[in-house]
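Visitor: What follows is a predicted protein model with its sequence.
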Amino acid sequence: MPAAEQPYHHGSLRQVLLARAESTLERDGVDGLSLRQLAREAGVSHAAPSKHFRDRQALLDALAESGFRRLTAALECAVDQAEPHARARFAALADAYVTFALAHRELLALMYGNKHAPGAASQVVEAGHTSMDLTVRIVTEAQAAGDIGPGDASRIALVAFATFHGIATLAAGGMLDDAPVDEVVTAASDTFWRGLARA
């Protein structure tokens, strides 16, 4: 039976398409994504994906949303497993972010590209805020405990994200002059935290 005519019984077509789409994204970039090709790879009719994604943009938005939710889950896991004080939780979050960014380079670019695109889908924007919200919470709790000085927690979190995203970008481009990524992340985290600490 041709692949396009094979029945799809297990009811998880959406997840299968997203998984295959991410693999294609990481291998061929966003231009390599096609609903028809994904349908062929999944062994379903070319019309089947439209039951879950009205068009290619909807697929990209779903990938971005899923990526943000996975990123947040990875950050939350790292924070939960860290020693129970703000500095250790901040360092764990930084390490987890860079690890995710390097493991999912094309996906991360899609995530932020879709989030900041004109007319971005609300679910992508909302999902994109969750990881930042976690960082804001760590900063706010540290301020309340007197571990760091006062300041706009949202702005501090944004600068922290920019710092570690920059490290990931440099590492992905081979521009860290052979310095181990984990050592650069640790140094940046320590330096950043010392700058926030009360005198």
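Guide: Nice, I can see it.
Visitor: low-scoring stretches of this structure, by residue?
Guide: 1-11, 198-199 (pLDDT under 70).
Visitor: the helices in this protein, which residues?
Guide: Ranges of helices within the chain are 13-28, 35-42, 56-81, 86-103, 105-115, 122-144, 153-172, 181-196, based on DSSP state H.
Visitor: Let's have these in a markdown table, adding distance to residue 49.
Guide: (C-beta placed from N, C-alpha, C; glycine too.) Listed next are the helices of the chain as a markdown table, based on distance: least, C-beta to C-beta, whole Å:
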| stretch | distance to residue 49 |
| --- | --- |
| helix 13-28 | 6 |
| helix 35-42 | 5 |
| helix 56-81 | 7 |
| helix 86-103 | 26 |
| helix 105-115 | 18 |
| helix 122-144 | 18 |
| helix 153-172 | 30 |
| helix 181-196 | 37 |
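Visitor: Export those to a markdown table and append columns for mean neighbour count and distance to residue 50.
Guide: Below are the helices of the chain laid out as a markdown table (neighbours: other C-beta atoms under 10 Å; distance: least, C-beta to C-beta, whole Å):
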| stretch | mean neighbour count | distance to residue 50 |
| --- | --- | --- |
| helix 13-28 | 17 | 11 |
| helix 35-42 | 18 | 7 |
| helix 56-81 | 19 | 9 |
| helix 86-103 | 20 | 30 |
| helix 105-115 | 20 | 20 |
| helix 122-144 | 18 | 19 |
| helix 153-172 | 17 | 34 |
| helix 181-196 | 15 | 41 |
